[in-house]
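Task: produce atomic coordinates for the following.
(3 chains)
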Amino acid sequence: MATTKELSDFLEAVERRAFKQTAYAVRDDHAALDIVQDAMMKLAEKYGDKPAAEFPMLFQRILQNTMRDFWRRQKVRNLWTTLLSSFGSSEDGEDRDPLETIDVQDDSGEPATQLERSQTIKLIERALEKLPTRQREAFVLRYWEEMDVAETAAIMGCSDGSVKTHCSRAVHALALELKKQGLEKLGLSNLMLTKP
Amino acid sequence: MVSFQARLNLTVVFLVTLLFSGVVLADDVAVTWAQLTDVQKKVLSPLASEWDTLRPWQREKMLDIARDYPKMDAAKQTLVQKRLDNWSRMTPYERENARKSHQQFQSLSAEKKNELRKKWTEYQKLPESERARLRAESPDIYKDAD
Amino acid sequence: MSKNEHMNNKIDDSNLDENLIADEQLASTVAHLLNDNAQHLNAVTLKRLNAGRDLAVSQLAVRQTQVTQGVNRSGNVLHWLGHGFEQHRMMSITVIAVAMLLGFFAIQQFSLYNNLKHSDAFLLASELPPEAFADKGFNTWLVSKQD
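Next up, the predicted model:
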């Protein structure tokens, strides 16, 4: 049985990347926040009696399911209206939604590095969002969450073989896209984004 | 005044009755067709010929249906029997989708449900090519899904 | 195949492996960068994530308190069973334990009845056939009709 401290520690460690991963999937920051909060609640409600070691996998699975529920509840917007709304001004002359300005807080303080970094990230994010859903899921679970093949298969609800296929396609597609953007030489220098 | 002993006995009898009023036997999911009870065989008769080829998870779910079947009225029971075959052919992913949609459906008003029934008939009149196109357009369909 | 062609094939294969390895490394680096970037969120987002976390944790705390309280509640049964409890201690304790176990099974039965609404059998007996619920094309078509 997990303690409240274990749950709190786990959620604190996972919440930021969970938010980003969800945002890449649903392309809507508000919805992503709702989904992540929903998933946190479900973890506490349904799996509070599990050992904390199982939380990473359980949480990822809950996230995936909650995202799928979100898609179902959503009206189908065609791509065009989605594009239009993202360029449109805020309704009723309200102040700009604070969530629309996701700043990249920077530690190095060097303007040039900051610009390059945020451009790099934007390109990477765009490449990620371009991936087909299953490929993106497999990539996130295997490379970002560092789950093994069996865990990933359990979360995605498919076979080990499918996971490997989705992964290799994702990796290949990402590499192709990033090469197109001239980012193939992503090296260690780009890894120095945050101070230790 | 009722004695302590009597009250004790009463408690035990009450709870034991509760237990036996609906004991759920653990399902052995590797059960063969021959091992099913007559009641189960009657309910699952549409699947008789392929039962032994079904995967354990499929059989488990079918046994759940057989368990709930007696709780329904005759009209519902007929529907279950009619649709059992199609259901058994759907993948776990499709069935999970169906469960979620059904849950939403249940929360609708009676007239909305009726409306949807008519819409379903209408939709089925569309040519298969059109329906395939609509399926591909769905945002939550995984294009490279299993 | 000539010897040269064999050689070229070998080189092509090793290039392929190198490409795969390079792609994998790229994927790892990308994941790393994404993870680092995820640490930098704006204040509003962070606040909401915090709030969600606090809510979930307090929910767990409430549940865990309820579990311990549940044990205390069953102690009230002792009152109904009366003053004889002290005298027939061993038997009474056994009966309470058995009662709790049976009570647990009883609750399971009732929840199963409640679950009938969410069971597959109920789904199959509903106004629409299961294919209707599973057909994403139907869903898309319905939504398009709404607009």
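
Before we move on, what's the pLDDT of the residue nearest the centre of chain B?
The residue lying closest to the centre of chain B (Cα atoms, centre = their mean) is residue B:65, at 4.4 Å. Residue B:65 is assigned a pLDDT of 91 by the prediction.

swap in residue C:112?
For residue C:112, pLDDT reads 50.

now do the one 5 residues further on
Looking at residue C:117, its pLDDT is 60.

sorry, back to before: so the helix or strand where the residue nearest to the centre of chain B lies, near chain A or not?
Under the criterion of DSSP states H and E, residue B:65 resides in helix B:56-68. No: using Cβ under 8 Å from any Cβ of the partner chain, we find that helix B:56-68 stays clear of chain A, coming within 12.2 Å at best. For the C-beta atoms, the positions are set from N, CA and C on the backbone; glycine is no exception.

Send me that helix as CSV with only the CA atoms.
Only the C-alpha atoms of helix B:56-68 are listed here, as CSV (Å, rounded to 0.1, in the frame of the first residue of the first chain):
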residue,chain,number,x,y,z
PRO,B,56,-9.1,-17.8,-22.5
TRP,B,57,-9.9,-14.1,-22.2
GLN,B,58,-12.7,-14.5,-24.8
ARG,B,59,-14.2,-17.4,-22.9
GLU,B,60,-14.0,-15.6,-19.6
LYS,B,61,-16.0,-12.7,-21.0
MET,B,62,-18.6,-15.0,-22.5
LEU,B,63,-19.0,-16.8,-19.2
ASP,B,64,-19.7,-13.4,-17.6
ILE,B,65,-22.5,-12.9,-20.1
ALA,B,66,-23.9,-16.3,-19.3
ARG,B,67,-23.9,-15.4,-15.7
ASP,B,68,-25.9,-12.2,-16.3
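
about what we covered before: give the full set of residues in contact with the residue nearest to the centre of chain B.
Residues near residue B:65 by Cβ atoms under 8 Å, 6 or more residues apart in numbering or on different chains: B:43, B:44, B:80, B:84, C:119, C:120, C:121, C:124.

Contacts for stretch B:84-95 next, please.
Under Cβ under 8 Å, 6+ apart, the answer for stretch B:84-95 is A:157, B:44, B:46-47, B:50, B:54, B:57-58, B:61-62, B:65, B:98, B:145-146, C:120, C:124, C:129-131, C:134.

before we move on, back to that, buried ones in whichever helix or strand comes after the helix holding residue B:65, by neighbour count?
Later in the chain than helix B:56-68, the nearest helix or strand by DSSP H and E is helix B:74-89. Buried residues in helix B:74-89, counted by 16 or more other Cβ atoms under 10 Å in any protein chain shown: B:76, B:77, B:79, B:80, B:81, B:83, B:84, B:87, B:88.

Could you work out the most separated pair of these?
Pairwise distances across those peak at 18.1 Å for B:76 and B:88 (criterion: Cβ to Cβ).

where along chain C do the helices fall?
For chain C, the helices defined by DSSP state H cover C:3-38, C:43-74, C:77-81, C:84-87, C:89-115, C:120-124, C:130-134, C:136-146.

what's the least confident stretch among those?
Looking at these, the weakest mean confidence is helix C:77-81, a mean of 47.

Tell me how far stretch B:74-83 lies from the chain's centre.
11 Å (Cα atoms, centre = their mean, to the nearest Å).

now what about it, what contacts it?
Here stretch B:74-83 has contacts from B:43, B:45, B:46, B:65, B:69, B:72, C:121, C:124, C:125, C:126, C:129, C:130, using Cβ under 8 Å, 6+ apart.

Can you pull out the low-pLDDT segments for chain A?
In the predicted model, chain A carries pLDDT under 70 at residues A:71-116, A:184-196.

Now name the helix or strand holding the closest residue to chain C within it.
Nearest to chain C, among the residues of chain A, is residue A:37, at 3.5 Å (Cβ to the nearest Cβ). According to DSSP H and E, residue A:37 maps onto helix A:29-47.

How about residue B:134?
Applying DSSP H and E, one finds residue B:134 within helix B:128-137.

Whichever residue of chain C sits closest to chain A: how many residues sit nearby?
Nearest residue of chain C to chain A: residue C:52, at 3.5 Å (Cβ to the nearest Cβ). When counting by other Cβ atoms under 10 Å in any protein chain shown, one arrives at 21 neighbours for residue C:52.

repeat for residue C:22
13.

same thing with the one 4 residues further on?
As a burial measure, the neighbour count of residue C:26 was computed by other Cβ under 10 Å and equals 20.

Need the nearest residue in space to it, chain neighbours excluded.
residue A:175 (5.1 Å; Cβ to Cβ, 6 or more residues apart in numbering or on different chains).

Help me confirm that residue A:20 comes into contact with residue C:39.
No: with contact defined as Cβ atoms under 8 Å, residue A:20 does not count as touching residue C:39 (9.4 Å).

And the residue nearest to residue B:50 when sequence neighbours are not counted, how far from chain C?
Sequence neighbours aside, residue B:88 is the residue nearest to residue B:50 in space, at 7.7 Å (criterion: Cβ to Cβ, 6+ apart). From residue B:88 over to chain C the distance is 10 Å, taken as Cβ to the nearest Cβ, to the nearest Å.

quick one: residue B:88 from chain A, how far?
19 Å.

Tally up the residues packed near the closest residue in space to residue C:59 that isn't next to it in sequence, please.
Using Cβ to Cβ, 6+ apart and skipping the chain neighbours, the partner closest in space to residue C:59 is residue A:44 (4.5 Å). The local packing of residue A:44 (other Cβ under 10 Å) involves 23 other residues.

Quick one: residues contacting residue A:44.
So residue A:44 contacts A:7, C:56, C:57, C:59, C:60, C:63 (Cβ under 8 Å, 6+ apart).

Could I get the buried residue list for stretch B:120-129?
So for stretch B:120-129, counting by 16+ other Cβ under 10 Å, buried means B:120, B:123.

Make TSV out of the contacts of residue A:44 and add distance to residue A:151 and neighbour count.
TSV is the format used below for the contacts of residue A:44 (distance: Cβ to Cβ, whole Å; neighbours: other Cβ atoms under 10 Å in any protein chain shown):
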residue	distance to residue A:151	neighbour count
A:7	20	23
C:56	22	24
C:57	25	23
C:59	26	19
C:60	23	24
C:63	26	14
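
Which one of those is nearest to residue B:3?
Nearest to residue B:3 among the contacts of residue A:44, with distances taken as Cβ to Cβ, is residue C:63, at 39.6 Å.

Surely residue B:31 and residue B:59 touch.
Yes: using Cβ under 8 Å, residue B:31 makes contact with residue B:59 at a distance of 6.8 Å.

For these two, indicate the residue with more neighbours.
residue B:59 (23 against 17).
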